[in-house]
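Novice: Give me a 3D structure for the following:
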Amino acid sequence: MEKFDIFCILQLLGGLAFFLYGIYVMSSGLEKIAGGKLEKILRTMTSNPAKGLILGASITALIQSSSAVTVMLVGLVNSGIMKLSQAIGVIMGSNIGTTITAWILSLSGIQSSNVILRLFKPESFTPVLALVGVLMIFIAKSNKNKNIGSAFLGFSILMTGMVFMGSSMEPLSHSPKFMSLLTLFKNPLFGVFVGTFITAIIQSSAASIGMLQALVMQVNMTYSMALPIIMGQNIGTCITAVLSSIGVNANARKVAVVHVTFNVIGTIIFLSIFELAKIFFKLPFMEQNINPAGIAILHSTFNICTTILLFPFIKQLEHIANIVIKDTKNEKDEVFLDERLLISPELATIEVNQKIIKMAKLVQNNVLYSTKLLKNYYYKKADVINNNEKRIDLYEDKMESYLIKVSHKGLSEETSNLIARLLLTIGDYERIGDHAINILNIAEQKHNKNMEFPPELVQDIKVIVSALLEVLHISTEAFKHNDTNLALKIEPLEQVIDRLILKAKNRHIKRIQYGECPIELDFLISDLFNDFERISDHCSNIATSIMKTKDITIDKHEYLKQLKSYDNKDFSKAYDEFKTKYALSSDEK
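Specialist: The predicted model follows:
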């Protein structure tokens with residue numbers, strides 16, 4: 001008997017392993033299928049809690065993992081992308097979204113001689129689904145179809161794990177010791193404790209729900225015995241948020257506090273209502289034996305009712321979190337790049353995208369400050385530029401390393417292409433920053449040698465710098481909003497800048513020839529014009545990267561050729577407008 005018991009335990013653990021791995025494979029496949037859709041959903045996030053609720057339920061149902069959503073929330077709040085008040089609504093929605101898993105798992109409890117209904121039993125369709133999944137993974141050419149195959153295979157492994165767990169528990173129905181042990185679950189506090197403990201150990205509410213559903217298929221358990229266990233499972237799943245909040249800032253730790261508080265309060269309220277109802281009202285159905293579908297019903301009812309009850313008290317939940325977790329003055333409000341978000345490559349790229357925008361602002365400032373120093377040099381302003389350059393280099397180093405880590409994850413084709421574009425954009429902004437430092441060095445040399453630019457050259461530089469600042473501003477705004485229409489304005493302006501620089505160079509050469517400009521200024525001015533030209537070229541590169549979001553197959557040279565063709569009226573119109581706006585003195589408009 002002892003060996004038999006050990007065999008059952010091993011089968012149970014094996015089934016649990018299949019179940020957990022199946023959830024992982026299925027969730028990974030579903031997330032890759034979602035691809036950039038996850039980013040688009042998150043872009044709709046506002047301070048409106050109702051939208052956050054819908055968002056949380058949608059994402060959790062989509063990727064079939066409330067734990068993954070919780071870790072994402074901690075990372076998003078820790079990195080400053082999301083506020084705590086926004087995260088609370090998502091947490092509530094996530095609790096509702098995770099109930100979908102229980103309904104899927106309830107299919108294993110179908111008992112019927114009807115042929116159509118039997119087709120919905122896992123034993124009937126999972127082998128076929130697994131075969132289809134494997135064939136799609138090996139035969140399909142597109143990554144999307146391969147990901148669909150992975151989701152099918154993951155679901156099949158998951159349901160196979162459910163069958164194994166159910167089979168391992170079948171002998172328990174014949175064990176007098178175990179049946180007497182079930183009487184302990186008549187104490188609701190014991191049920192809450194067991195549900196919390198098991199879920200906290202395996203860190204998966206879906207797995208613990210699956211184990212419970214497998215158990216009730218083999219032994220007689222009533223609704224009143226199962227409900228406290230389900231409540232405890234909701235508390236136990238909070239362990240993921242608690243563990244992921246270690247080593248993060250105060251706001252991120254508050255996410256874990258809210259998650260625990262929400263589920264504990266919900267359990268206390270509804271367990272109290274349940275016990276009072278048993279005393280004052282007869283609830284005969286609660287003493288009936290429960291099946292897997294009944295588990296799903298209780299799970300959904302508890303989470304939906306808890307959300308309805310506590311949704312109006314979001315501010316109070318936030319207040320409780322603020323009391324439990326005190327803000328510290330010395331703590332940094334923002335982590336540069338949170339590796340918790342690597343659990344979702346799409347979210348990780350969103351965070352990098354936000355950091356590129358901040359990097360771009362630093363680059364814009366450096367170009368602005370360095371060009372101003374060409375006229376009047378100030379050491380304090382030069383220090384600001386140099387400090388900004390250090391931050392820009394840090395941004396480049398951190399973001400490139402982070403994106404390399406993201407690229408090692410399983411990626412959708414869309415996310416893989418996005419990472420390639422982000423890496424190119426980071427490089428372009430870093431090089432623009434380098435050219436700003438070059439301009440600063442030119443300004444410093446000019447100042448140290450007490451040299452002055454001819455008045456005519458100063459006027460030419462003013463026009464070029466104005467155009468340069470606008471093309472840089474347009475590039476950053478187009479990248480920030482992923483605006484392809486705005487990106488189309490970059491190349492016409494870049495062409496106008498090239499034209500301005502060429503004319504300014506020719507004028508400078510004439511001044512050198514006529515002795516109107518000191519020869520020692522020639523090298524500085526040539527380098528200056530070169531930096532101006534290279535900055536606008538990098539803006540053109542950024543525009544091409546943005547256009548690739550519309551068509552990944554686009555080739556830069558072919559794109560520029562088509563853009564500048566004579567029949568492109570939009571390009572010609574924009575070019576003429578910028579040509580009129582930016583004209584050198586005594587130059588025909």
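Novice: CA only for contacts and neighbour counts going forward, please
Specialist: OK.
Novice: State the pLDDT value of Leu172.
Specialist: pLDDT, Leu172: 61.
Novice: tell me, how many neighbours does the spatially closest residue to Val90 that is not a sequence neighbour end up with?
Specialist: Distance criterion C-alpha to C-alpha, 6 or more residues apart in numbering; nearest residue to Val90, sequence neighbours excluded, is Gly56 at 4.1 Å. Using other C-alpha atoms under 10 Å, Gly56 has 30 other residues around it.
Novice: before we move on, what about Ile297?
Specialist: Count around Ile297 with other C-alpha under 10 Å applied: 15.
Novice: Let me see the backbone angles for it.
Specialist: phi -60, psi -50 (degrees, to the nearest 10).
Novice: and it, what does it touch?
Specialist: Trp103 (C-alpha atoms under 8 Å, 6 or more residues apart in numbering).
Novice: swap in Ala487?
Specialist: By C-alpha under 8 Å, 6+ apart, the contact set of Ala487 is Ile474, Ser475, Ala478, Phe479, Ala543, Thr544, Ile546, Met547.
Novice: quick one on the thing from earlier: what's the spacing between the residue nearest to Val90 and Arg511?
Specialist: For Gly56, the distance to Arg511 equals 67 Å [C-alpha to C-alpha, to the nearest Å].
Novice: So in the chain, where's the weakest helix or strand by average pLDDT?
Specialist: helix 115-118 (a mean of 52; mean pLDDT, DSSP states H and E).
Novice: The helix or strand following it: how far from the chain's middle?
Specialist: Proceeding N to C from helix 115-118, the next assigned helix or strand is helix 122-139, under DSSP states H and E. Its chain's C-alpha centre and that of helix 122-139 lie 30 Å apart, by C-alpha atoms, centre = their mean, to the nearest Å.
Novice: Scan the chain for its longest helix.
Specialist: Longest helix in the chain, counting residues (DSSP state H): helix 413-448.
Novice: Mind giving me the packing neighbours of that helix?
Specialist: Applying 3 or more C-alpha pairs under 8 Å, 6 or more residues apart in numbering; DSSP states H and E, one finds that helix 413-448 contacts helix 345-372, helix 379-407, helix 521-547.
Novice: Quick check: which of those helices is nearest to Ala467?
Specialist: helix 521-547 (9.3 Å; C-alpha to C-alpha).
Novice: what angle do the closest one and helix 345-372 make?
Specialist: Angle, helix 521-547 to helix 345-372, by axes from the mean of the first three to the mean of the last three C-alpha atoms, to 10 degrees: 160 degrees.
Novice: and helix 521-547, which residues are buried?
Specialist: Residues of helix 521-547 classed as buried: 521, 524-525, 528-529, 531-547 (neighbour count, 16 or more other C-alpha atoms under 10 Å).
Novice: tell me the domain ranges of this protein?
Specialist: 2-170+180-324, 344-450, 452-589 (automatic domain parsing).
Novice: Out of these, flag the one nearest Phe336.
Specialist: domain 2-170+180-324 (6.5 Å).
Novice: one step back: make JSON lines from the helices and strands packed on helix 413-448 and add mean pLDDT and distance to Thr222 to it.
Specialist: Below are the helices and strands packed on helix 413-448 laid out as JSON lines (pLDDT from 0 to 100; distance: least, C-alpha to C-alpha, whole Å):
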{"stretch": "helix 345-372", "mean pLDDT": "90", "distance to Thr222": "42"}
{"stretch": "helix 379-407", "mean pLDDT": "92", "distance to Thr222": "47"}
{"stretch": "helix 521-547", "mean pLDDT": "91", "distance to Thr222": "59"}
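Novice: Can you check which of the ones you listed gets nearest to Gly236?
Specialist: Closest of these to Gly236 is helix 345-372, at 25.5 Å (criterion: C-alpha to C-alpha).
Novice: Can you give me the end-to-end span of stretch 77-86?
Specialist: 9 Å.
Novice: That one - what's its average pLDDT?
Specialist: 74.
Novice: and Asn220, what are its phi and psi?
Specialist: Asn220 has phi and psi values of phi -90, psi 110 when expressed as degrees, to the nearest 10.
Novice: ok, now how distant is it from Phe197?
Specialist: 22 Å.
Novice: Give me the more crowded residue out of the two.
Specialist: Phe197 (19 against 14).
Novice: That one is in contact with Thr237, isn't it?
Specialist: No: judged on C-alpha atoms under 8 Å, Phe197 makes no contact with Thr237 at a distance of 9.5 Å.
Novice: returning to what we had before: wait, doesn't the residue nearest to Val90 sit right on Gln86?
Specialist: No: judged on C-alpha under 8 Å, Gly56 makes no contact with Gln86 at a distance of 10.4 Å.
Novice: What about Ile320, how many residues nearby?
Specialist: By other C-alpha under 10 Å, 15 other residues sit near Ile320.
Novice: wait, what's in contact with it?
Specialist: Val258.
Novice: quick one on the thing from earlier: distance to Val216 for the contacts of Ala487 - can I get that in TSV?
Specialist: Compiled in TSV, those are given as follows (distance: C-alpha to C-alpha, whole Å):
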residue	distance to Val216
Ile474	62
Ser475	61
Ala478	57
Phe479	54
Ala543	60
Thr544	59
Ile546	55
Met547	56
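Novice: quick one: which of these is nearest Asp576?
Specialist: For the contacts of Ala487, the closest approach to Asp576 (C-alpha to C-alpha) belongs to Ile474, at 17.2 Å.
Novice: contacting residues for the closest one?
Specialist: By C-alpha under 8 Å, 6+ apart, the residues touching Ile474 are Leu486, Ala487, Lys489, Ile490.
Novice: quick one: Lys409 from Gly232, how far?
Specialist: 33 Å.
Novice: Mind checking which of those two has more residues around it?
Specialist: Applying other C-alpha under 10 Å to Lys409 and Gly232 shows that Gly232 carries more neighbours, namely 27 against 13.
Novice: Double-check the more buried one against Val194; I have them as touching.
Specialist: Yes: between Gly232 and Val194 there is a contact under C-alpha under 8 Å: 7.0 Å.
Novice: rewinding a little: can you pick the most crowded of the contacts of Ile474?
Specialist: Ile490 (29 neighbours).
Novice: who's in contact with that one?
Specialist: Val471, Ile474, Ser475, Cys539, Ser540, Ala543.
Novice: will you turn those into a markdown table that also has distance to Pro127?
Specialist: Shown next, in a markdown table, are those (distance: C-alpha to C-alpha, whole Å):
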| residue | distance to Pro127 |
| --- | --- |
| Val471 | 58 |
| Ile474 | 55 |
| Ser475 | 52 |
| Cys539 | 54 |
| Ser540 | 53 |
| Ala543 | 49 |
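Novice: Show me which of these is closest to Ala102.
Specialist: Using C-alpha to C-alpha, the contacts of Ile490 come closest to Ala102 at Ala543, 47.0 Å.
Novice: ok, now how distant is the spatially closest residue to the closest one that is not a sequence neighbour from Phe479?
Specialist: Spatially, and ignoring its direct neighbours in sequence, Ala543 is nearest to Ala487 (5.1 Å; C-alpha to C-alpha, 6+ apart). Per C-alpha to C-alpha, Ala487 is found 8 Å from Phe479.
Novice: Likewise for Val90?
Specialist: Here Val90 is placed at a distance of 28 Å from Phe479 (C-alpha to C-alpha).
Novice: neighbour-wise, which of the two wins?
Specialist: Val90 (28 against 23).
Novice: got a list of what that one touches?
Specialist: Counted by C-alpha under 8 Å, 6+ apart, Val90 has contacts Pro49, Gly52, Leu53, Ile54, Leu55, Gly56, Ala57.
Novice: now do Phe152
Specialist: Met26, Leu129, Ala130, Val132, Gly133.
Novice: nearest to Val71, of those residues?
Specialist: Comparing the contacts of Phe152 against Val71 with C-alpha to C-alpha places Met26 closest, at 17.9 Å.
Novice: What mean pLDDT does the helix or strand harbouring that closest one get?
Specialist: Per DSSP H and E: Met26 is located in helix 2-34. The average pLDDT within helix 2-34 is 70.
Novice: what's the neighbour count on Thr160?
Specialist: For Thr160, the count of nearby residues is 22 (other C-alpha under 10 Å).
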